[in-house]
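Chemist: My questions concern the predicted model and sequence given below.
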Amino acid sequence: MSNFLAVDTSSKYLTVLACKDGRSMIEHLPECAMRHSRILMGEIDKVLSSLDLRPSECDFFAAVTGPGSFTGIRIGVSTVKGFAVACGKPAFGVTSFDLLAYNIKDMRPFGVVIDAMRGYYYYAGYSPEGRMTQAPCYLPAAEVEGMGVPLYGFEELPLPQYTRMKVEDCLFNAVCAARMGERNGLHALYVRKSQAEENADARP
């Protein structure tokens, strides 16, 4: 079993997970929007200390790369990159879609949805085996509802055939699965432009 540190700052919550010699420790704060930069290092220190794990003892580092909060994603990715460079260890990313998909057991094709606000969603489609069949996209609610497949996410969403999962329970399986399979690069996944970029494009 590998030793590792993983963080998820992609939404209003914060999850920090550490694993050492088959033992794991997780800290999850469900409501900390706009505070990730202030509290992340304290939560990392807490989980590492609880396992008597030093960053240099980690075999790798991981972060959830989005889509989600543009600022939150940057904080998590940059923090993990910092640990990886300082310790000379590898680092990789897990998308917000795969974070959930790696934990879904469904015999049917399914979709993963993340609230993008203003009646839109980030969506990705998967086969029953968990292989992505539709690339991440930015869709209005009507198109997501028209997919006709079971939907999974981690928020309260007004969608048909929707199941809400506990995101804090998903990080361990997702990191382990990504570690064993084809890893995503450690770079932010932005499915659409940020509000600031959209506003800039709209200026004459």
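Modeler: Sure, I can see it. Numbers count the residues shown, from 1 in each chain.

Chemist: Residue 100 contacts residue 169, correct?
Modeler: No - Residue 100 is beyond contact range of residue 169, at 10.4 Å (criterion: Cβ atoms under 8 Å). (Each C-beta comes from the backbone N, C-alpha and C, glycine too.)

Chemist: Looking at those two, which has the bigger crowd around it?
Modeler: residue 100 (23 against 13; other Cβ atoms under 10 Å).

Chemist: quick one, what contacts that one?
Modeler: 112, 152-154, 165, 167, 170, 174 (Cβ atoms under 8 Å, 6 or more residues apart in numbering).

Chemist: can we see that at 6 Å?
Modeler: By Cβ atoms under 6 Å, 6 or more residues apart in numbering, the contact set of residue 100 is 112, 152, 165, 170.

Chemist: Just want to check the distance between the third one and residue 156.
Modeler: Right, the one you point to is residue 165. From residue 165 across to residue 156, the span is 12 Å (Cβ to Cβ, to the nearest Å).

Chemist: Neighbour count for those two, which is higher?
Modeler: Set residue 165 next to residue 156 and count neighbours by other Cβ under 10 Å: residue 165 wins out with 16 against 8.

Chemist: re the thing from before, who wins on neighbours among the contacts of residue 100?
Modeler: Most crowded among the contacts of residue 100, counting by other Cβ under 10 Å, is residue 112 at 26 neighbours.

Chemist: Need the three-state assignment for that residue.
Modeler: Per DSSP: H, G, I helix; E, B strand; the rest coil, the local secondary structure of residue 112 is strand.

Chemist: list the helices and strands the longest helix along the chain packs on?
Modeler: In the chain, with assignment by DSSP state H, the single longest helix is helix 70-87. When contacts are defined as 3 or more Cβ pairs under 6 Å, 6 or more residues apart in numbering; DSSP states H and E, helix 70-87 packs onto helix 36-50, strand 60-64.

Chemist: what sits up against the shortest one?
Modeler: Residues from elsewhere that reach strand 60-64 (Cβ under 6 Å, 6+ apart): 4-8, 10, 76-77, 80, 83-84, 89-94, 96, 99, 175.

Chemist: just to revisit the earlier point, for residue 70, which of the helices and strands packed on helix 70-87 is the nearest?
Modeler: Of all the helices and strands packed on helix 70-87, it is helix 36-50 that lies closest to residue 70, at 11.7 Å by Cβ to Cβ.

Chemist: Let me know the average pLDDT across that closest one.
Modeler: Confidence for helix 36-50, expressed as mean pLDDT, is 97.
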